[in-house]
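Enquirer: Sequence below, structure please.
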Amino acid sequence: MIGPMQAGGSLRTAAEWFAARRGLHDADLEQDFSRWILESPRNAEEYALCELAWELSAAPAEGLDREGRVRSSYRRRAVGGIAALASVALVVLTVARLMPPAPTVWRTGPGEQRTLALEDGSRVTMNTRSTLEVRLGRSKRQIRMQSGEAFYEVANDESRPFVVETSLGTARAVGTRFNVLVDGDRVEVATEEGKVLVQTLDRSGAAVLATAGTRATLVHGEFRPALDRADLTRIENWRARRLEFDRVPLDAALKEFSRYTPVPIRAGSPDVGQIYVTAVLKVGDVDALRATLKGAFGLTVITGRDEWLVTAPEAR
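Expert: Presented below is the predicted three-dimensional model:
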């Protein structure tokens, strides 16, 4: 058992604190104990259970008057201690309710996709190489997107707006379907259904309303989000794990394809990068990419440890 003079900083469990404090009045120990109680509502609850268990275990010993008097005295102290601890626990629980909930962090690796079913009924489909934090509070549903891409199907709840935060701005909705892409110094918010208020984080706080079929783009250093037509086909394709290119420069196609591979794939020369390609590929399917480039353009993919290069025959 932990001795009464043991330093409070080394105590970890409710039983250890109970043993250290029993029959001892030490101001420093009590200060450490108060701090430990406030660290978690569970600490107060477990300590109160220790007090109660000790009180109940003392009840059967009724042989001697002296022992009875000792038990009675201790029982009064225990009841008073439990009442005090209950008060502390109530304060801690009240403070905990006022504090924002701790976020849950979700990540996807290269080529990985994941769908999250949130407690409010909303669904979030994460694309490759994405990191986000989910925090569902009483007044606001909050997502912090650090990187990547995600599609949001928001359950309607007018009392709790659904807010996606990025390094450049926020997307605020109530019940809708929209996509957020975080790509370096650029953030795209494309609305499939409903309305999304997209706002910058700078002092101006400029905002636009992205309605169904439109896209709001935030660019680092720009005063106001730009509004144009959304490429909903691209979003539908990635959710189906499909990439579709229609006369796209190979440089751009390889950049998009590389989001789903462990190492980047790029053109080995400017001339190769400017070749226009048309193809439909499964995300991360390198064999299909090799076959397409070889069959349509005679290009070869050379693998390396840090990157893969697409080269023309004469360049090898």
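
Enquirer: Off-centre distance for stretch 282-294?
Expert: 32 Å (Cα atoms, centre = their mean, to the nearest Å).

Enquirer: Just the C-alphas of it, formatted as CSV.
Expert: Only the C-alpha atoms of stretch 282-294 are listed here, as CSV (Å, rounded to 0.1, in the frame of the first residue of the first chain):
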residue,chain,number,x,y,z
LYS,A,282,-9.0,3.0,-61.9
VAL,A,283,-7.3,5.0,-59.2
GLY,A,284,-3.8,3.6,-58.4
ASP,A,285,-3.9,1.1,-61.2
VAL,A,286,-0.3,1.5,-62.4
ASP,A,287,-0.4,-1.5,-64.7
ALA,A,288,-3.3,0.0,-66.6
LEU,A,289,-1.5,3.3,-66.8
ARG,A,290,1.6,1.6,-68.2
ALA,A,291,-0.5,-0.3,-70.8
THR,A,292,-2.3,2.8,-71.9
LEU,A,293,0.8,5.0,-72.3
LYS,A,294,2.6,2.2,-74.1
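
Enquirer: outside of it, which residues touch it?
Expert: 110-111, 128, 238, 241-243, 257, 260-261, 265, 277, 279, 281, 299-301, 310 (Cβ atoms under 8 Å, 6 or more residues apart in numbering). All C-beta atoms are positioned from the backbone trio N, CA, C, and that covers glycine.

Enquirer: cool, stretch 242-257 as well?
Expert: 233-234, 237, 264-267, 272-283, 289, 310.

Enquirer: How is this protein divided into domains?
Expert: As given by automatic domain parsing, the domain ranges for the chain are 8-98, 104-233, 241-315.

Enquirer: Figure out how far the longest one is from the centre of its chain.
Expert: Yep, that's domain 104-233 we're talking about. 13 Å.

Enquirer: for the shortest one, same thing?
Expert: The chain centre lies 32 Å from the centre of domain 241-315; the measure is Cα atoms, centre = their mean.

Enquirer: biggest strand in this protein, by residue count?
Expert: Criterion DSSP state E: the longest strand present in the chain is strand 141-153.

Enquirer: Alpha carbons only: can I get it in CSV?
Expert: C-alpha atoms of strand 141-153 as CSV (Å, rounded to 0.1, in the frame of the first residue of the first chain):
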residue,chain,number,x,y,z
ARG,A,141,-20.6,20.5,-36.0
GLN,A,142,-17.0,21.2,-36.9
ILE,A,143,-14.6,19.6,-39.3
ARG,A,144,-11.0,20.8,-39.6
MET,A,145,-9.4,19.7,-42.9
GLN,A,146,-5.7,19.7,-42.8
SER,A,147,-5.1,18.1,-46.2
GLY,A,148,-6.7,16.1,-49.0
GLU,A,149,-10.3,15.9,-50.2
ALA,A,150,-13.6,14.9,-48.7
PHE,A,151,-17.3,14.7,-49.8
TYR,A,152,-19.8,15.7,-47.2
GLU,A,153,-23.5,14.5,-47.0
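
Enquirer: Give the next helix or strand downstream of it.
Expert: strand 162-165 (DSSP states H and E).

Enquirer: how far away is D306 from D251?
Expert: 18 Å (Cβ to Cβ, to the nearest Å).

Enquirer: Neighbour count for the two, which is higher?
Expert: The residue with more neighbours, out of D306 and D251, is D251; 15 against 6, by other Cβ atoms under 10 Å.

Enquirer: so which helix or strand takes in the residue nearest the centre of the chain?
Expert: Nearest to the mean C-alpha position of the chain, by Cα atoms, centre = their mean, lies E133 at 1.8 Å. Per DSSP H and E: E133 is located in strand 131-136.

Enquirer: got the contact list for that strand?
Expert: Residues outside strand 131-136 that contact it (Cβ under 8 Å, 6+ apart): 100-108, 116, 118-120, 124, 126, 141-148, 150.

Enquirer: can you count the residues close to the spatially closest residue to G121 that is not a sequence neighbour?
Expert: Nearest non-adjacent residue to G121, counting by Cβ to Cβ, 6 or more residues apart in numbering: A155, 3.5 Å away. Neighbour count for A155, taken as other Cβ under 10 Å: 15.

Enquirer: what's near enough to touch A155?
Expert: Residues near A155 by Cβ under 8 Å, 6+ apart: L118, D120, G121, S122, G175.

Enquirer: So what's the predicted local confidence for the fourth one?
Expert: Looking at S122, its pLDDT is 96.

Enquirer: burial measure for it, as a count.
Expert: Residues near S122, counting by other Cβ under 10 Å, number 21.

Enquirer: distance of it from Y152?
Expert: The value you get for S122 to Y152, if Cβ to Cβ is used, is 7 Å.
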